[in-house]
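>>> I'll drop the sequence and a predicted model, then ask my questions.
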Amino acid sequence: MNILNIIAKKRDKGELTKEEIDFFIKEYTDGNITDYQAAALVMAIYINGMNEREITDLTLAMAYSGDVLDLSSLGEVVDKHSTGGVGDKITIILMPIIASLGIPVAKMSGRGLGFTGGTADKLESIPGYNVNVNEKDFIENVKKIGISLITQTLNLAPADKKLYALRDTISCTESIPLIASSIMSKKIASGANKIVIDVTCGSGAFMKNMDDAKELSRIMTKIGKLAKRETVCIITDMNQPLGYAVGNNLEVIEAIEILKGNNMPEDIKEVITNLGSTMLLLAKKVKNLDEGKEKILENIKNGKAYKKFLELVSNQGGDISYIEDTEKFEKAKYIKPIVAKKEGKVVKLDAYTIGTLSMYLGAGRVKKEDKIDKTVGFVFNKKVGDKVKIGDILGYIHANDEKKLDEILEKEIFEIEK
Ligand code: URA
């Protein structure tokens, strides 16, 4: 078999066989296919798509490109994943809640991809927090305290690790076959037998419209079934950033404050309760979704979720004094207000625009080896639907580059109508 023929076949809109897909994944993982050849094939898949059979074969080849974790010693593990968004700090808030309700949490999260942030980068904002943990310690952590949140360091779905980073650098993130296979391969390899997926939809998500979000959900649910992993997809809105903060340190601070029981934004509450109650139902911890929603909110109120988060951070080597006092997080050099020049109602705060501007400030990666700036981003005071008066502070820009800050201040980030 020859990679050039495989690239040419997909370039010419052909259907790849299971053998061709297996060959590509194995040889790319082993380093026998170069990044530029893989980039050509990925671009051809992006442009010409894949049918359901090809997507399933790609997913399974990626899932079995490395080790497949056996979490059976932990009991019923229900995993959660998001297709990505702007301001998405849901894992950091929801997983300690789930662990505090007695469901083991063994979760691997990705790094920032394109204009969306990544949970692993956000967790690393906490000084000392180690996201690189070996398999034995990962499972031991879950046995000991009920939760471990790490990144893809184990040899799980290594093909996805390479492809994910590659896609980020060649503008090939928004593709149903590539997203479905990326997510489901990781989920299959990471051992959970029940999976809840947050399929984000809107300008700040990879799926821009409902039809695509439904199609991605349908395919992932089907792959889950074939792989005997019960999978539920929940479509959530990503037209404006989730919550009020965007940027690594800033989002972690917002997540911590929510876990402490302070001011949960309505959109975050909706996602947390919808995903969380579905996870509880799949784990048979509740009889219905309403009971699940109550339990989720109760464990924030009674402090159990926060306590679990402190345990998690401490167990992963993080400095909990930052959690106890979020003022300790490093700040950007410049923090400037965005001031309303008009009176009326906010009709748009575009998630994609905010995601790309955060990236421009340094919060995301352009190349896979780029270092990210943890301190930069946005903290909003107003969101869509809020009334504003001239002179109101709509939010703050956190920047380390004064020129970029001034450029962004010139833009009309908020659309306000009378
Ligand atoms: N999340 C993933 O894990 N993979 C994607 O391709 C997109 C979002």
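Looks like it came in fine.

>>> what's the burial count for Glu76?
When neighbours are counted by other Cβ atoms under 10 Å, Glu76 registers 16. C-beta here means a position set from N, CA and C on the backbone, and glycine is covered the same way.

>>> and if you look at Gly317?
For Gly317, the count of nearby residues is 13 (other Cβ under 10 Å).

>>> confirm it sits in a helix?
No. Gly317: not assigned to a helix; according to DSSP: H, G, I helix; E, B strand; the rest coil it is coil.

>>> next, work out how far apart it and Gly355 are.
Distance, Gly317 to Gly355, by Cβ to Cβ, to the nearest Å: 30 Å.

>>> the closest residue to Leu74 other than its chain neighbours - how many residues pack around it?
Among residues not flanking Leu74 along the chain, Pro104 sits closest, at 4.4 Å (Cβ to Cβ, 6 or more residues apart in numbering). Residues within reach of Pro104, counting by other Cβ under 10 Å, total 23.

>>> go on, the one 3 residues further on?
Other residues near Lys107 come to 23 when the count uses other Cβ under 10 Å.

>>> for it, helix, strand, or coil?
Three-state assignment for Lys107 (three-state DSSP): strand.

>>> residue contacts, the closest residue to it other than its chain neighbours?
Leaving aside its sequence neighbours, Lys107 sits nearest to Leu149 (Cβ to Cβ, 6+ apart; 5.3 Å). Contacts for Leu149 (Cβ atoms under 8 Å, 6 or more residues apart in numbering) come out as 91-92, 95, 105, 107, 109, 119, 123, 131, 312, 316.

>>> would you mind checking which of those is nearest to the ligand?
Ser109 (8.6 Å; Cβ to the nearest ligand atom).

>>> so what pLDDT did Glu369 get?
At Glu369, the pLDDT value in this model is 74.

>>> what's the helix or strand for it?
In this assignment (DSSP states H and E), Glu369 forms part of neither any helix nor any strand.

>>> pLDDT check: weakest of the contacts of Leu149?
Lowest pLDDT within the contacts of Leu149 is found at Ser109 (87).

>>> got the contact list for that one?
Applying Cβ under 8 Å, 6+ apart, the residues contacting Ser109 are 91, 118-120, 123, 131, 149-151.

>>> so which of the residues you listed is the most crowded?
That'd be Thr119 among the contacts of Ser109, by other Cβ under 10 Å, with 28 neighbours.

>>> not counting its neighbours along the chain, what's nearest it?
Ser109 (3.5 Å).

>>> report the beta-bridge partners for the one you found.
The partner list for Ser109 in beta bridges (DSSP bridges) reads Thr151.

>>> assign whatever residue of the stretch 1-150 of the chain ends up closest to the ligand to helix, strand or coil.
Nearest to the ligand, among the residues of the stretch 1-150 of the chain, is Gly84, at 4.3 Å (Cβ to the nearest ligand atom). Three-state call for Gly84 (three-state DSSP): coil.

>>> how about the nearest residue to it, chain neighbours excluded?
In space, and not counting its chain neighbours, Gly84 is closest to Thr116: 3.8 Å by Cβ to Cβ, 6+ apart.

>>> what about that neighbour, how many neighbours?
Neighbours of Thr116 (other Cβ under 10 Å): 27.

>>> ok, it touching Ile354?
No. Applying Cβ atoms under 8 Å, one finds Thr116 not in contact with Ile354, separated by 10.9 Å.

>>> overlap of the contact sets of the two?
Each of 86, 204 lies in contact with both Thr116 and Ile354 under the rule Cβ under 8 Å, 6+ apart.

>>> let me see the contact set for Met220.
180, 183-184, 197, 199, 231, 233.

>>> hmm, try it at 6 Å
The contact partners of Met220, by Cβ atoms under 6 Å, 6 or more residues apart in numbering, come to 180, 184, 197, 231, 233.

>>> residues of the helix or strand where the fourth one lies that come out buried?
What it means is Thr231. Using DSSP H and E, Thr231 falls within strand 230-237. Within strand 230-237, the residues scored as buried using 16 or more other Cβ atoms under 10 Å are 231-237.

>>> and if you look at stretch 294-301?
So for stretch 294-301, counting by 16+ other Cβ under 10 Å, buried means 295-297, 299-300.

>>> also stretch 66-82?
Across stretch 66-82, burial judged by 16+ other Cβ under 10 Å covers 66, 69, 71, 74, 76-82.

>>> from those, which single one is nearest Ala44?
Among these, Gly66 lies closest to Ala44 (Cβ to Cβ), at 24.5 Å.

>>> sorry, back to before: Throw the contacts of Met220 into CSV and include distance to Lys208 and pLDDT, thanks.
Formatted as CSV, the contacts of Met220 follow (distance: Cβ to Cβ, whole Å; pLDDT from 0 to 100):
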residue, distance to Lys208, pLDDT
Ala180, 16, 97
Met184, 21, 96
Ile197, 18, 97
Thr231, 22, 97
Cys233, 17, 98
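
>>> who touches Gly87 in this structure?
241-243, 246.

>>> in helices only, show me those residues.
Counting by DSSP state H, the contacts of Gly87 place none of their members in helices.

>>> which phi and psi does the closest residue to the ligand within the chain have?
As assessed by Cβ to the nearest ligand atom, the ligand sits closest to Ser182 within the chain, at 3.5 Å. With angles defined as degrees, to the nearest 10, Ser182 sits at phi -60, psi -50.

>>> hang on, the residue nearest to Lys107 in a helix?
No. Counting by three-state DSSP, Leu149 is located in no helix; its state is strand.

>>> so which bits of this protein are right by the ligand?
83-84, 110, 113, 164, 178-179, 182-183, 186, 206 (Cβ under 6 Å from any ligand atom).

>>> make it 8 Å
When proximity is defined as Cβ under 8 Å from any ligand atom, the chain approaches the ligand at 81-84, 110, 113, 116, 160, 164, 167, 173, 178-179, 182-183, 186, 206.

>>> quick one: which of the residues you listed sit in helices?
Using DSSP H, the residues of the chain next to the ligand in helices are 160, 164, 167, 178-179, 182-183, 186.

>>> related to what we said a few turns ago, I'd say the residue nearest to Leu74 and Glu76 touch.
No. The pair Pro104 and Glu76 fails to qualify as a contact (Cβ atoms under 6 Å) at a distance of 7.6 Å.

>>> contacting residues for Gly303?
Counting by Cβ under 6 Å, 6+ apart, Gly303 has no contacts.
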